[in-house]
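# below are the sequence and a predicted model for it; my questions follow.
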Amino acid sequence: MNFTNHPYLYKGLKLIRINVLLISLSLSFASFAEKPDLFLLKTYNDKLSVVGWVMSEKLDGIRGFWDGEKLISRGGGVFNPPESWTVNFPNFAIDGELWTKRADFEGVSSIVRRKNPDSRWQKVSFNIFEVPNQQGGILQRLKVLQDYLQQHPSKTLKIIKQIPVKSTQHLNVFLDKIIKKKGEGIVVRDPKTHYQTGRLSSALKVKKYQDDECVVLEILPGKGKYTNKMGVLKCQTKAGKIFKVGSGFTDAQRQNPPKIGSEITFKYYGFTKNKKYKHPVFLKIKPKLSN
């Protein structure tokens, strides 16, 4: 796309227009259920000792919540997998990640976001990290599903392995191993904590960076080798912080950048003295469901 022929792309949109666009994205779900009350991760601080906790790979997929009857997104949209995909799913709640393989977020999102499912769903596994409303700590709750699957095998359901943390070095070695395999990071959890919802201090994400989400306000043209392509995106977080993201994009993404009003995920490496994001880098576009 030659952006010089589309000057309107460079004009900022009013917040009301952004809200309308975000609503239109949500309406692409075929149906909605009550938004699930889930547990959410806080960010790990290396000053905290997590020895004795359990760690697992943080899969970069799409969050899915099975309520015993249907598969629901974090926002309450109902996924529409083939019936064959949910054979032997339990009649109790399970929470996990819809996933294909590492570094394939766009691939899995293109499969599960469709209103009309196709055979590609068979590539998707449902990787479980929580069994809500069960008794005991995380290992005891996961065992409820493990015992169930012994009697009702499923090709789709996988329980994410939980590894006891022996030391901070053990955690860092495991994290480096995941990163080298193009994984996103790891999750550490206090195994003694009973099931809770909300953002928890007993469930932490460990990455080499931090990440957040923002809405695209404006597409700014590039210069030099990026002439006639996108240069940077002007974005706004939910907290109202406005900033620019100019790295992390492929040439194809610069040619056809995220649309104004779309929501993206970016990573950063802390904050400057002026409370600005340090080295913000584009990661991905948040998916929407389509026909």
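Looks like it arrived, so ask away. Numbering: from 1, shown residues only.
# who does the helix or strand containing residue 283 touch, helix- and strand-wise?
Using DSSP states H and E, residue 283 sits within strand 281-285. Secondary-structure packing of strand 281-285 (3 or more Cβ pairs under 8 Å, 6 or more residues apart in numbering; DSSP states H and E): strand 263-268. C-beta here means a position set from N, CA and C on the backbone, and glycine is covered the same way.
# just how off-centre is stretch 46-61 within its chain?
17 Å (Cα atoms, centre = their mean, to the nearest Å).
# make that stretch 97-106, sorry
The mean C-alpha position of stretch 97-106 is separated from the chain mean by 10 Å, Cα atoms, centre = their mean.
# repeat for stretch 159-169
That offset, for stretch 159-169, works out to 21 Å (Cα atoms, centre = their mean).
# hang on, the earlier thing: angle of the strand holding residue 283 against strand 263-268?
Per axes from the mean of the first three to the mean of the last three Cα atoms, to 10 degrees, the angle that strand 281-285 makes with strand 263-268 is 150 degrees.
# neighbouring strands - and their directions - for strand 281-285?
strand 263-268 (antiparallel) (DSSP bridges).
# in the partner strand, what counts as buried?
263-264, 266-268 (16 or more other Cβ atoms under 10 Å).
# stretch 268-284 now?
Residues of stretch 268-284 classed as buried by neighbour count (16+ other Cβ under 10 Å): 268, 277, 280-284.
# for stretch 198-206, same thing?
202-206.
# with just CA atoms, put that stretch into PDB.
What follows is stretch 198-206, C-alpha atoms only, in PDB (Å, rounded to 0.1, in the frame of the first residue of the first chain):
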ATOM      1  CA  GLY A 198      -8.100 -12.200  39.600                       C
ATOM      2  CA  ARG A 199      -4.500 -11.100  39.200                       C
ATOM      3  CA  LEU A 200      -2.500 -13.200  41.700                       C
ATOM      4  CA  SER A 201       0.700 -12.800  43.500                       C
ATOM      5  CA  SER A 202       0.900 -16.600  43.600                       C
ATOM      6  CA  ALA A 203       1.000 -16.900  39.800                       C
ATOM      7  CA  LEU A 204       3.700 -15.100  38.000                       C
ATOM      8  CA  LYS A 205       4.900 -14.800  34.400                       C
ATOM      9  CA  VAL A 206       8.700 -14.800  33.900                       C
END
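# and that stretch, how far out from the chain's middle?
Counting by Cα atoms, centre = their mean, stretch 198-206 comes out at 15 Å from the chain centroid.
# contacts for it, please.
Contacts to stretch 198-206, defined as Cβ atoms under 8 Å, 6 or more residues apart in numbering, come from residues 37, 39-44, 48, 50, 55, 58, 171, 175, 185-190, 193, 196.
# any idea of the mean pLDDT in that stretch?
Mean per-residue pLDDT for stretch 198-206: 95.
# cool, stretch 112-123 as well?
93.
# span of that stretch from start to end?
11 Å (Cα to Cα, to the nearest Å).
# list the buried residues in that stretch.
112-114, 117, 121.
# next, give me the two most distant ones among the residues you listed.
Pairwise distances across those (Cβ to Cβ) peak at 11.5 Å, for the pair 113 and 121.
# what's the local residue count around the nearest residue to residue 103 once chain neighbours are set aside?
Nearest residue to residue 103, sequence neighbours excluded (Cβ to Cβ, 6 or more residues apart in numbering): residue 182, at 4.3 Å. By other Cβ atoms under 10 Å, 11 other residues sit near residue 182.
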